[in-house]
Each structure stands twice: as C-alpha cells, then as structure tokens.
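1. next comes the sequence, and after it the predicted model I'd like to discuss.
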Amino acid sequence: MPRLTHKLPSYRLHRASGQAVITLAGRDYYLGTYNSPESRTEYDRLIQEFLANSRSAGAVQSQANQGAQTVTINELITTYWDFALGYYVKNSQPTRELQALKYSFKPMAELYGVIAVDNFGPTALKAVRQRMVDQGLCRSLVNRRVNRIRRIFKWGVENELVRSATLEALRAIAPLKRGRCSVRESDPVKPVPESLVNAIEPFVSRQVWAMIQLQLLTAMRPGEVIQMRRRDIDTSGTVWIYRPESHKTEHHGHERCIYLGPLAQKFVMPFLNRADDDFLFSPLDADKERRDKLSASRKTPLSCGNRPGTHRSSKPQRKPGTCYDVDSYRRAITYGTNNAFPWPNLAGRSLDQLSSEERLQFNAWRKAHHWHPHQLRHNAATHLRKEFGIEAARLILGHRSVAVTEIYAELDHQKAADIIAKVG
C-alpha cells in the first residue's frame, strides 16, 4: 500500500533539465524554465487548483504534462488520503473512518496499485472483494468496504481523476446477499446476560463500572458515555439532561438528549467534583487509584524495597489518558471478563503449552463469556421495550425511526405467548 502522507507542493529546480517542477500525488509536473515568469504563472495556477480541491492533489493539469499517463490506483489512494485527512475530523481529532478507509483500500492497492484507474473495472473490484472474503471477513463488513472503494472512485470523478464511465461500471456490482453466497455471516448483537455483567465488577475500575451502569440505565452509546463532562450535564431539574458535545447523528443536524434519573445520578455524582471541561471518567484517575490501592495493601515496609513510583518505566509504551476511547473502554471490559471467567483447564499453563484441541476449547470458553460495551445498549433497549413499549424505547435511544429501534430491542416472546394463551 502506498505511503499515505500529506505534503504541500513546493516550487523546485530539476537540476538535470533546468526546469521548475512540483510533485503532486507522486507525479512530477514540469512548469518550464526555472525561475521564469511563465513557470511562476503555471505554478500559481496549479497551486490555485490544489487549494480549490481542499488542499489535496485533485484534478490539477499542467500544460507541460498534457498527454501524460492517467493516474494509477496508488496515486488515487494517496490523493484521496490528502482529502480524507482534512474531511474525517471531529472536534479536531481524526475519526475512526480513517482507519476503516485504510483497511478497505489495502487489498485494492496490493492487487491493482500500479494499474491506471480507468482500467479498474467490475472484474477487478470483484477480485478485491474475493480477497476480503478469503481473509475471513463477514458479509456485511465486506459490503461496507466495497462501498468505501466505490466512494474513492466517486470522489475521483468529482475531481476529474476518474472517468464517470468507470464509476458507473463499478456501481453495477450488486452487494453480497444473505444466503446467496458462501461468505461468513456475522452474529447478531444480543443483550448481555445479567450474570456476565455483574461478575466483572471486582475486576474493573470504579470508572468503568459507573460507565457500564450508566449504559444499562440510559441506553447510551459507548462513544457517548466516555465523553461525559460536567458542563454537558444540566442538573437543574429532578431528571438531569446530558447533551453530548459529539454524537453519531450530529452531522444530520439532530440533537441528542440523554436523561439521567435518580439511579443514574448516583453513579454520576461521585465524579462531579471536577472542572467543567474535564472528563468525568479518566483512565489516569483509574490508574492512580489502582496504584494507591496496591501501595496501601503492600506488606513490605516503606523502609525496605521499592518506594511507590520508583520502579516505573521512564518511557512506558502506553500512558493512561485523561479520557477513555471506545477501544480502551472495550479492553477494560475484556480484561474484566477474562479475570472473572478464567478457563478451568488452563491450570497455570501458558497458551503456548496448549494443544490444538485445547486451544479451540479455550477460544470457545472465552467467546461464551465475552461481551462488549455496545451490547449494553441492547440490554437497555430490550428492557425499555418490555416495560414501556417500542415508542418509549425509540425516544430514549434517540432513533428517528421505530425500524431502527427494532434492531436493538429484542421481542418479548413471553408476552406474545401469554396473549395467544388468552386468545386461545
């Protein structure tokens, strides 16, 4: 895969020819005699087009380069990446979409990186898709990554790097259909059994446990609970209102209001003694509390052995931050499940000492006892639907359509059975 870097083009001297040159997306554009008025004018024109394309090497065309070979797949990816670095940003931070784009473009770059973009047709895209299938990806993920590939060609058409006929040909490929292909299907997301949730409380920090309970009580998304700050919570009423600064549907202009009742408030109040701009749940605080607890329980006198903090690495590979992200929150829960449910047959052995059959049994045990934070939203949705109906669940989850809520809220089959029993 090409290096995805962002460089501002500069006016340079090509010593071998004595011409002025700039480089865009890995291609050299010769501007004429170095330091001549004509070369400066040509440079200004190309820079103007560069800025017009959101500081990306878009559809710039040098008069000296007319008739040059069309851009390759690698050049298209590199050029699009310049645009994506500035576009997929939220609150001055890159979004997770950038990582998803990398994974989507990698097999295309590996198979067809050096060919011209207009020679990349439906057969090539299906070959890239098959590479994803062979990697064991599920059907829905393969379809999403193929759509991202089509997105880069759509952007290429917009910026005159790709012919529109190429994009139309790629759009002719239908997505993989459930039951009509040999691709692995993903398991549906289900609510977590209550016993699995409660079991990890001794093995997670109080910050992580508070976030878990808040999700169960309010149906928050993981990305919403990790960014809670005091300034975003209106505590003036009996029911508090939390308005996340950033949420999933903000780009549609939707407002997200999360209501905190008395039980939810009990989990929030211990963390309100912070500055308005500080995040309530901080990995840095959790790490300090863990170290203080270990120090308090030590049996070696302070006059002997290491003093607290003296044996830490001066350059640790990973430092705790001031705010959890979705991945660190998920890892904390995974740590809790692994410690709450150790495999009984491990018996002090390392994983390298397990046989192939034992490794399969170990993986099956871990999978049966593993869960992730997004499942907690399904727990809350199912409970709300059972107690108050689908419309109440829709309002609290913040969905615009009941059809979306149906995905999260499990049907109450027992209620249906009771009704049929009465009907006869």
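-> Happy to help now that I have it. Numbers count the residues shown, from 1 in each chain.
2. only C-alpha atoms from now on, for both contacts and neighbour counts.
-> Will do.
3. strands of the stretch 201-350 of the chain, start to end?
-> Per DSSP state E, counting those that start in this stretch, the stretch 201-350 of the chain carries strands over the ranges 233-234, 240-242, 258-260.
4. what's the mean pLDDT across the first one?
-> What it means is strand 233-234. Averaging pLDDT along strand 233-234 gives 94.
5. one more: the second one?
-> For strand 240-242, the per-residue pLDDT values average out at 93.
6. hmm, who's touching it?
-> With Cα atoms under 8 Å, 6 or more residues apart in numbering as the test, strand 240-242 has contacts from 228, 232-235, 257-261, 265.
7. switch the cut-off to 7 Å
-> Outside of strand 240-242, the residues within contact range by Cα atoms under 7 Å, 6 or more residues apart in numbering are 232-235, 257-261.
8. now a ChimeraX select for only the buried ones of the residues you listed.
-> In ChimeraX syntax, the buried subset of those is picked out as below (16 or more other Cα atoms under 10 Å):
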select :233,257,258,259,260
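9. got JSON lines for the strands of the stretch 201-350 of the chain, with distance to T78 too?
-> Listed next are these as JSON lines, based on distance: least, Cα to Cα, whole Å:
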{"stretch": "strand 233-234", "distance to T78": "42"}
{"stretch": "strand 240-242", "distance to T78": "40"}
{"stretch": "strand 258-260", "distance to T78": "40"}
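10. of all those strands, which lies closest to P202?
-> strand 258-260 (24.7 Å; Cα to Cα).
11. before we move on, back to that, with the contacts of strand 240-242 in mind, which one is nearest to L161?
-> Taking these together and measuring to L161 by Cα to Cα, the closest member is C257, at 42.6 Å.
12. V239 is in contact with that closest one, correct?
-> No - in this structure, C257 is not within contact of V239 by Cα atoms under 7 Å, at 11.7 Å.
13. picking that back up, quick one: closest of the strands of the stretch 201-350 of the chain to T123.
-> strand 258-260 (47.3 Å).
14. what does the closest one rub up against?
-> 218, 239-243.
15. low-confidence ranges, this structure, go.
-> Low-confidence segments of the chain (pLDDT under 70): 1-8, 25-26, 49-69, 251-252, 305, 308-312, 314, 402-424.
16. quick one: the helices in the stretch 51-200 of the chain?
-> Ranges of helices within the stretch 51-200 of the chain are 73-87, 97-112, 122-134, 139-158, 164-171, 194-199, based on DSSP state H, counting those that start in this stretch.
17. buried residues in the fourth one?
-> Neighbour counts using 16+ other Cα under 10 Å place 139-140, 142-143, 145-146, 148-150, 152-157 of helix 139-158 among the buried residues.
18. with the shortest one instead?
-> Along helix 194-199, these residues count as buried under the neighbour rule (16+ other Cα under 10 Å): 196-197.
19. and that helix, C-alpha only, in CSV?
-> Output of helix 194-199 as CSV, limited to C-alpha atoms (Å, rounded to 0.1, in the frame of the first residue of the first chain):
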residue,chain,number,x,y,z
GLU,A,194,-27.0,-10.0,33.7
SER,A,195,-24.8,-12.6,35.4
LEU,A,196,-21.9,-11.9,33.0
VAL,A,197,-22.2,-8.1,33.7
ASN,A,198,-22.2,-8.4,37.5
ALA,A,199,-19.3,-10.8,37.6
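20. now do that helix: everything it contacts.
-> Under Cα under 7 Å, 6+ apart, the answer for helix 194-199 is 340, 369.
21. repeat that for the second one.
-> Helix 97-112 is contacted from outside by 1, 73-74, 88, 128, 131, 145, 148-149, using Cα under 7 Å, 6+ apart.
22. hmm, try it at 8 Å
-> 1-2, 73-74, 77, 84-85, 88, 120, 124-125, 128, 131-132, 145-146, 148-149.
23. what about S313, distance to T238?
-> Using Cα to Cα, to the nearest Å, one obtains 47 Å as the distance from S313 to T238.
24. same question for S186.
-> Distance from S186 to T238, by Cα to Cα: 42 Å.
25. and what of C323?
-> Taken as Cα to Cα, the span from C323 to T238 is 28 Å.
26. which one of those two has more residues nearby?
-> Ranked by neighbour count (other Cα atoms under 10 Å), C323 and T238 place C323 first, with 19 against 10.
27. so L216 makes contact with Q375?
-> No - counting by Cα atoms under 8 Å, L216 does not reach Q375; the two are 9.5 Å apart.
28. can I get the contacts of strand 240-242 in TSV including distance to P344?
-> Formatted as TSV, the contacts of strand 240-242 follow (distance: Cα to Cα, whole Å):
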residue	distance to P344
D232	45
I233	44
D234	47
T235	47
C257	44
I258	41
Y259	42
L260	40
G261	40
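29. which one of the contacts of strand 240-242 is nearest to M211?
-> L260 (12.6 Å).
30. for the closest one, give the beta-bridge partners.
-> Taking DSSP bridges as the rule, L260 bridges to W240.
31. let the chain start at 276 from now.
-> I'll keep to 276 as the first residue from here, and by that count the last item is L535.
32. any idea how far it is from R566?
-> Distance, L535 to R566, using Cα to Cα: 31 Å.
33. and N581, by the same measure?
-> Taking Cα to Cα, one finds N581 at 13 Å from R566.
34. neighbour count: those two, which is higher?
-> Remark: of N581 and R566, R566 carries more neighbours, 14 against 11, as counted by other Cα under 10 Å.
35. doesn't L491 make contact with F542?
-> No - in this structure F542 lies outside contact range of L491 using Cα under 8 Å: 11.6 Å.
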